[in-house]
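# the amino acid sequence is not available; the structure is as follows:
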């Protein structure tokens, strides 16, 4: 019986969470059951997603499937990129140093700052009036 190895990892950025699966294949990338070109409209998001695959020369070696929810498209693309990098290190541990050196395994810690009481937002205050 031929067993197919399937790897899974999670990537996060801002409010977005990407669950990523890696399978041996020909380079198909599906996001929420549709091709990633259709899901990510902006070319910059598509470039961000392909960066770890191009860096490791594994673009046509694996099929990638992802379920992404939360946040906006830019945050989702960043979460997907982190998920791809993490799942590649599971499949091929020798790629870890290369991905780490190029910053693909570092989670972006920046989050939205919470709104403060007595203010309009996180930093913006209500307008002061003298009379």
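Arrived safely. For clarity, every value in this text was computed on a predicted model and none was experimentally measured.
# which one's the longest helix in the chain?
Longest helix in the chain by number of residues (criterion: DSSP state H): helix 73-91.
# name the helices or strands packed onto the helix or strand just after that helix?
For helix 73-91, the succeeding helix or strand toward the C-terminus, using DSSP states H and E, is helix 96-101. Packing partners of helix 96-101 (3 or more CB pairs under 8 Å, 6 or more residues apart in numbering; DSSP states H and E): helix 43-55, helix 73-91. Heads up, the C-betas are built off the backbone N, CA and C, glycines and all.
# dump those helices to CSV, plus mean pLDDT.
Shown next, in CSV, are the helices and strands packed on helix 96-101 (pLDDT from 0 to 100):
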stretch, mean pLDDT
helix 43-55, 94
helix 73-91, 96
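# which of those helices sits closest to residue 112?
helix 73-91 (10.1 Å; CB to CB).
# just the terminal-to-terminal distance for stretch 98-116.
41 Å (CA to CA, to the nearest Å).
# how about that stretch: buried residues?
For stretch 98-116, a neighbour-count test (16 or more other CB atoms under 10 Å) marks 98-99, 104-105 as buried.
# could you do stretch 53-62 as well?
In stretch 53-62, counting by 16+ other CB under 10 Å, buried: 53, 55-56, 58, 61-62.
# dump those to CSV, plus distance to residue 78.
Listed next are those as CSV, based on distance: CB to CB, whole Å:
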residue, distance to residue 78
53, 15
55, 16
56, 18
58, 19
61, 23
62, 20
